[in-house]
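J.: Let's see this in three dimensions:
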Amino acid sequence: MDSQKLLGHGKLLEHLKEQADSGRLSHALLFSGPEGIGKKKTALLLAEHIFERSSKEAAELCRKRVLPDFLLIEAEKTIKVEAIREAVQFAQERPLYSQKKVLLIDDAHKMNPQAQNKILKTLEEPPNFLSIILISSNVSGLLETVRSRVLTYTFETLSEEEVFSGLPENHGEEDRRLAARFSGGSLRRAVQILEDEELQTLFHKPEEIFEALYLNDRVALVRISREYQTDRRQASLLLEHCLMWLRDLSLFRKHGSPTHLYYPDKKKELARQSRWVGSDSASSTALIEQAKARLESNAPAGAVLLSLFLQLAGRLS
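T.: Down below sits the predicted model:
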């Protein structure tokens, strides 16, 4: 596997490899950016390259995740201090199979404060054989003392064409195009869209929501908010699609019949709705962004959605 197979970030990986080859690679890196865009894949490819400088066997063992000189820490919810204690112990021991060791912490923002404080000294004074890579889609969840000790690389979202090119061809082209369009630049999300019919139903909800706002149909708004009251993730994705719909409405308001729409098959509906909602898109966008932030802080999804819908109804009526 090489940088040619890394969508969107090949040049960055080549830069990091050159830094490693010249001995100028920072001892502690932070890869930040949205989920599912290739941060972890870049980190794994860089780790393989670091070990390949010792031997191809070490690189292959790293690729298989069985190299004793490579440690990957990841967790579904919280990375606790016990895991970081293991990482610190790993960092202090000299490599066994190669000249280097690599410590990779995925979703580093999931480290609780005790865990983050536990790794500070290792970040600041690592042994010369150790490379540390933190990965995070929520850098604000990291303590400032952690962020100040790492060199940050910010990853941009992938283009629609890059996402499309990375999707498995066992799906039809139209389905892949649709998934790429609504992926938000994330290959992982595009794959999820292809494989999850519930995610595909989200495409059509913004039209329904804004039609209910137009008709001031409070019953429909309550019903939609209840559909997502137990699934905060789905509610957040719904709001992202609402932002896409609102963006298309604004473009129609400004340009009549624009190109590069998220919903090119809904031009008639967008044109009609844009006559009454497009002029207030900035304030509506702000309200939706605030609602997304509330969901991220674990507020109840149903209550967040209903409050948002009623606020939008008040502004747009």
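J.: How about the contacts made by Ile19?
T.: No Ile there; residue 19 is Gln. Under the criterion of C-beta atoms under 8 Å, 6 or more residues apart in numbering, the neighbours of Gln19 are Leu25, Ser26. Bear in mind the C-beta positions are built from the backbone N, C-alpha and C, glycine included.
J.: can you pull the buried residues of the host helix or strand of it?
T.: Using DSSP states H and E, Gln19 falls within helix 10-22. Of the residues in helix 10-22, those buried by neighbour count under the rule 16 or more other C-beta atoms under 10 Å are Gly10, Leu12, Leu13, Leu16, Lys17, Ala20.
J.: Flag whichever of these scores worst on pLDDT.
T.: Comparing pLDDT over these singles out Gly10 as the least confident position, at 91.
J.: Against Leu158, how distant is that one?
T.: Separation of Gly10 from Leu158 (C-beta to C-beta, to the nearest Å) stands at 12 Å.
J.: overlap in contacts of the two?
T.: With the criterion set as C-beta under 8 Å, 6+ apart, the contacts of Gly10 and Leu158 do not overlap.
J.: Give me the residues contacting stretch 184-204.
T.: With contacts defined as C-beta under 8 Å, 6+ apart, stretch 184-204 is touched by 7, 34-38, 156-160, 162-164, 166-168, 171, 175-176, 178-180, 182-183, 234, 237-238, 240-241, 263.
J.: List buried residues within those.
T.: Listed as buried from these are 7, 34, 36-38, 157-158, 160, 162-164, 166-167, 176, 178-180, 182-183, 234, 237-238, 240-241, 263; burial here means 16+ other C-beta under 10 Å.
J.: now, which of these lie within helices?
T.: Helix and strand membership here follows DSSP state H; of the buried ones among the contacts of stretch 184-204, those in helices are 160, 162-164, 176, 178-180, 234, 237-238, 240-241.
J.: Domains in the protein, by residue range?
T.: By the assignment in automatic domain parsing, the chain contains the domains 3-156, 159-194, 196-316.
J.: By mean pLDDT, flag the weakest helix or strand of this protein.
T.: Least confident element among the helices and strands of the chain, by mean pLDDT, DSSP states H and E: helix 197-201 (a mean of 78).
J.: Which positions in it come out as buried?
T.: In terms of neighbour count (16+ other C-beta under 10 Å), helix 197-201 has its buried residues at Leu199.
J.: ok, now how distant is Cys50 from Leu44?
T.: One correction, residue 50 is Ile, not Cys. From Ile50 to Leu44 the distance is 11 Å (C-beta to C-beta).
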